[in-house]
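Enquirer: Here is my input; please provide its structure:
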Amino acid sequence: MSMAMMIDGAPSDWFDLFNARKLHLVALSVGGFSTLGAIEIRIGYHGPYLSDSVNRSGRARTFAPEHPLTVIPLVEDTHGGRPLPPDPEAFLRKVFRDVLRAHASLDDCRAIFLDLRGWGRGDGFPIETARRAAAKVFAKAGRELAVYIETDADPSQARH
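Expert: This is a model prediction of the structure:
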């Protein structure tokens with residue numbers, strides 16, 4: 001039996017849950033006016049442009065346990081020159097395993113909010129592949145976990 005319950009949509013009180021350290025926000029590394037931009041301000045992040053560095057490296061960056069936040073890269077970084085990996089689902093499973101390791105440091109947190117908004121802007125990002133990869137990885141969490149997934153993808157564009 002899976003330890004993770006996958007739920008479409010964001011919890012209505014996600015920001016309050018984040019502030020109370022009851023929700024682990026996993027934000028897509030998109031720049032500009034985004035959830036990540038707002039949370040960077042909230043936690044006082046003043047480092048180099050976070051989304052660029054995460055996308056260049058192709059690796060998740062976590063702020064846990066200080067803050068229940070992990071930033072995940074785009075599968076392909078056309079702006080920074082990192083090509084599409086040969087197996088996007090394997091890439092995403094690795095990213096979500098990094099998220100799960102970070103989540104383990106958040107003792108009282110039983111929810112993950114995958115904010116994937118921005119992945120479906122016609123760029124061909126494999127939303128369904130991301131859902132499958134997340135479900136496979138989070139099923140092995142070892143504890144009960146609610147995983148919320150929010151996208152702005154057009155379903156006709158995102159089925160892969």
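
Enquirer: Show me what the helix or strand that contains residue 70 packs onto, helices and strands only.
Expert: Residue 70 belongs to strand 69-72 when elements are defined using DSSP states H and E. Contacts defined by 3 or more CB pairs under 8 Å, 6 or more residues apart in numbering; DSSP states H and E place strand 69-72 against strand 24-28, helix 35-43, helix 50-57, strand 61-62, helix 88-103. Yep, even glycine has a C-beta here, placed from its N, CA and C like the rest.

Enquirer: What distance do you get for residue 65 to residue 149?
Expert: 23 Å (CB to CB, to the nearest Å).

Enquirer: which residue is nearest the middle of this protein?
Expert: Closest to where the C-alpha atoms of the chain average out (CA atoms, centre = their mean) is residue 26, at 3.5 Å.

Enquirer: Show me what that one bridges to in the sheet.
Expert: Under the criterion DSSP bridges, residue 26 forms beta bridges with residue 70, residue 114.

Enquirer: residues in contact with it?
Expert: Going by CB atoms under 8 Å, 6 or more residues apart in numbering, residue 26 touches 69-72, 99, 112-115.

Enquirer: with these in mind, which one is nearest to residue 82?
Expert: Comparing the contacts of residue 26 against residue 82 with CB to CB picks out residue 72 as the nearest, at 13.5 Å.
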